[in-house]
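Engineer: build me a structure from this.
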Amino acid sequence: MKIVNLGEQPYLSVYEAMKQFTETRDEKSEDQLWVVTHPPVYTQGQNGKAEHILNPGNIPIVQVDRGGQVTYHGPGQIVIYTLINFKARQCGVRSLVRALEQAVIATLADYGVAGNGDVNAPGVYVAGKKIAALGLRIRKGSVYHGLSLNVDMDLTPFSGINPCGYQGLEVTQLADWVDHPLEIKAVTETLLQHLTYYLAPAQLSVAFKSSQ
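Structural biologist: The predicted structure is shown next:
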């Protein structure tokens with residue numbers, strides 16, 4: 001699996017590149033993880049409801065084709081786009097989502113933080129507060145979009161929306177649960193290590209079988 005570090009990029013340009021990659025890939029195309037941070041932006045899923053956008057202020061809203069409702073991306077947050085041919089890996093989307101969640105949970109554990117998933121609301125939570133969001137789009141047997149992990153950021157913009165469409169859902173970040181400064185680069189490297197493990201064909205096969 002190829003890892004592509006994009007640095008900080010505008011959301012729209014990366015979004016268009018993801019769609020182009022997925023549209024033109026074939027069975028020989030290598031799966032990729034795109035690591036990026038975005039300037040402040042709200043993204044609204046394809047079935048998103050306007051009622052979940054409360055007070056966006058000057059932050060732009062971008063309508064996208066992933067599942068789910070509205071979320072926020074901004075500095076201090078790790079975003080990893082998962083450009084994966086799940087059909088070739090012989091796994092289901094459900095097992096892919098669980099693999100992404102497990103990678104985040106393992107990353108949090110490395111920092112002494114207990115996270116958990118929720119079968120009814122994809123993502124990862126710490127003490128009932130959302131710390132990582134997931135959203136995928138299926139196209140031609142592959143997926144794109146991916147996950148975001150709040151590390152050390154200004155959480156205020158989340159108050160301008162109902163995060164992921166849940167009124168009153170509290171949002172948190174890793175920095176709130178550790179007693180030492182965090183380096184985004186180090187957290188990113190840890191998350192990528194766990195993603196590489198949980199997205200390996202053998203692990204996805206186990207997850208797929210357990211979900212049947």
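
Engineer: list the buried residues in the helix ranked longest in the chain.
Structural biologist: As assigned by DSSP state H, the longest helix anywhere in the chain is helix 93-110. Neighbour counts over helix 93-110 (16 or more other Cβ atoms under 10 Å) mark 95-108 as buried. Quick note: C-beta positions are derived from backbone N, CA and C, even for glycine.

Engineer: from memory residue 36 sits against residue 79, does it?
Structural biologist: Yes: the pair residue 36 and residue 79 qualifies as a contact (Cβ atoms under 8 Å) at a distance of 5.1 Å.

Engineer: shouldn't residue 62 be within a strand?
Structural biologist: Yes: according to DSSP: H, G, I helix; E, B strand; the rest coil, residue 62 belongs to a strand.

Engineer: what's near enough to touch the residue lying closest to it once chain neighbours are set aside?
Structural biologist: Residue nearest to residue 62 in three dimensions, not counting chain neighbours: residue 43, with 5.1 Å by Cβ to Cβ, 6 or more residues apart in numbering. Counting by Cβ atoms under 8 Å, 6 or more residues apart in numbering, residue 43 touches 11, 61, 62, 63, 64, 66, 70, 71, 72, 73.

Engineer: for the helix or strand residue 43 falls within, which strands pair with it and how are they oriented?
Structural biologist: For residue 43, the enclosing helix or strand under DSSP states H and E is strand 41-44. Here strand 41-44 has these sheet partners by DSSP bridges: strand 61-63 (parallel), strand 70-73 (antiparallel).

Engineer: ok, then the element right after the last one?
Structural biologist: Once the chain leaves strand 70-73, the next helix or strand it forms, by DSSP H and E, is strand 77-83.

Engineer: what's that next one in contact with?
Structural biologist: With Cβ under 8 Å, 6+ apart, strand 77-83 has contacts from 14, 18, 21-22, 25, 31-38, 73, 96, 100, 136, 142-151, 153, 184, 187-188, 191-192, 195, 199.

Engineer: scan the chain for its longest strand.
Structural biologist: Counting residues, the longest strand in the chain under DSSP state E turns out to be strand 129-139.

Engineer: the very next helix or strand once past it - what's its average pLDDT?
Structural biologist: Counting by DSSP H and E, the element after strand 129-139 in chain order, helix or strand, is strand 142-150. Averaging pLDDT along strand 142-150 yields 96.

Engineer: quick one, the helix or strand following strand 142-150 and strand 77-83 angle?
Structural biologist: For strand 142-150, the succeeding helix or strand toward the C-terminus, using DSSP H and E, is helix 184-198. Computed by axes from the mean of the first three to the mean of the last three Cα atoms, to 10 degrees, the angle separating helix 184-198 from strand 77-83 equals 30 degrees.

Engineer: geometric centre of this protein: which residue is closest?
Structural biologist: Centroid-nearest residue in the chain: residue 147, 0.6 Å away (criterion: Cα atoms, centre = their mean).

Engineer: for it, which residues count as its bridge partners?
Structural biologist: Beta-bridge partners for residue 147, by DSSP bridges, are residue 80, residue 134.

Engineer: show me what contacts it?
Structural biologist: Contacts of residue 147 (Cβ under 8 Å, 6+ apart): 79, 80, 82, 100, 104, 132, 133, 134, 135.
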